[in-house]
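Chemist: kindly generate the corresponding structure for this input.
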Amino acid sequence: MKKIRFGFIVVAAALAAVCMAGCVESADAPVTAEPAESRIVIETPEQADKNTLNVSAEGKVTMMPDVAYVTIGVVTQHKDAKKAQENNREDMAAVVQALKDAGLTDDDMKTVNYYVGPNYVYDDDNGRRISSYEVTNTVQLTIKDTDNVGQYIDIAAENGANTAHPVTFALLEPEAAYADALVLAMENAIEKAEALAAAGGFKIAGPINVSESGGSGYYPNDDAVYRVMEAAEAEADMPETVIQASELEITANVSVQYEITG
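Modeler: Predicted structure coming up:
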């Protein structure tokens, strides 16, 4: 029986920063400001020509993902390196063909790792020696049918895949959502700045400097991926794997310096 290997890897989303969302923050939401004196920065005439106020604000939008990335693989071992590679090639070919039959294309599958290396054993008489060779072939799947991610995982496991990594939900084109989040962040910034300035007896003249940054990433629990690989290896009955997509939260953070007048 083959050994099943499963790696839990937390990675950052490369397209946009996403995390589990509860609601969308809007410019109409109540703002709880800190005491004005702790937030307003006033420069004296000797230090600068303008009086300024600095604020930071965040904007959030939520969307359902339109793509899932699933990384599956085949690991084989044999005393002969060539035989280990042959076995791996045959097993992975079966996995790929089954996924194509299910609707994925060559563009939806790409190799992300291929490794051949020795396994060692140690004993007092001979020290370290090679006991076998291990071949790992890992493929990333791009699945646009986010309602049936579990189906593709099942197919891969049933046809020879014996290792997997976390499922990542994302947006194919996150730029528009991030732009919306930036707009909300700026709206929240001016609302906060006006409240702080008014508390100190000032008025906002306009922004002087603006900088922006993103948020953090989110990946759902993928224990189901591990369970289906384990069940397939043991040739046990296993209910259909359910991978449920969650809303993605796209965040944008801005820091704004405003000129204020008295």
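Chemist: show me where this protein has helices.
Modeler: 36-39, 81-101, 149-158, 175-199, 223-233 (DSSP state H).
Chemist: give me the contact list for stretch 114-127.
Modeler: Stretch 114-127 is contacted by residues 77, 81, 84-85, 128-138 when judged by CB atoms under 8 Å, 6 or more residues apart in numbering. Placement of C-beta: from N, CA and C, glycine included.
Chemist: now the angle from the longest strand along the chain to helix 149-158?
Modeler: Assignment by DSSP state E gives strand 127-143 as the longest strand of the chain. If you take axes from the mean of the first three to the mean of the last three CA atoms, to 10 degrees, strand 127-143 sits at 140 degrees to helix 149-158.
Chemist: residue 187 and residue 57, how far apart?
Modeler: Look at residue 187 and residue 57: by CB to CB, to the nearest Å, they are 8 Å apart.
Chemist: where does the stretch 101-250 of the chain have low pLDDT?
Modeler: Low-confidence segments of the stretch 101-250 of the chain, defined by pLDDT under 70: 214-239.
Chemist: my guess is residue 80 meets residue 133, correct?
Modeler: Yes - between residue 80 and residue 133 there is a contact under CB atoms under 8 Å: 7.1 Å.
Chemist: who's more crowded, the two?
Modeler: residue 133 (19 against 11; other CB atoms under 10 Å).
Chemist: residue 84 is in contact with that one, correct?
Modeler: Yes - counting by CB under 8 Å, residue 84 is a contact partner of residue 133 at 4.6 Å.
Chemist: mutual contacts of these two, please.
Modeler: 77, 78, 116.
Chemist: how about the closest residue to the second one other than its chain neighbours, what does it touch?
Modeler: Using CB to CB, 6 or more residues apart in numbering and skipping the chain neighbours, the partner closest in space to residue 78 is residue 84 (3.8 Å). Taking CB under 8 Å, 6+ apart, we find residue 84 in contact with 76, 77, 78, 116, 132, 133, 134, 135.
Chemist: neighbours of the residue nearest to residue 183 when sequence neighbours are not counted, how many?
Modeler: Computed as CB to CB, 6+ apart, the closest residue to residue 183 that is not its neighbour in sequence is residue 59, at 6.7 Å. When neighbours are defined as other CB under 10 Å, residue 59 has 26 of them.
Chemist: how about residue 251?
Modeler: Applying other CB under 10 Å, I find that residue 251 has 24 neighbouring residues.
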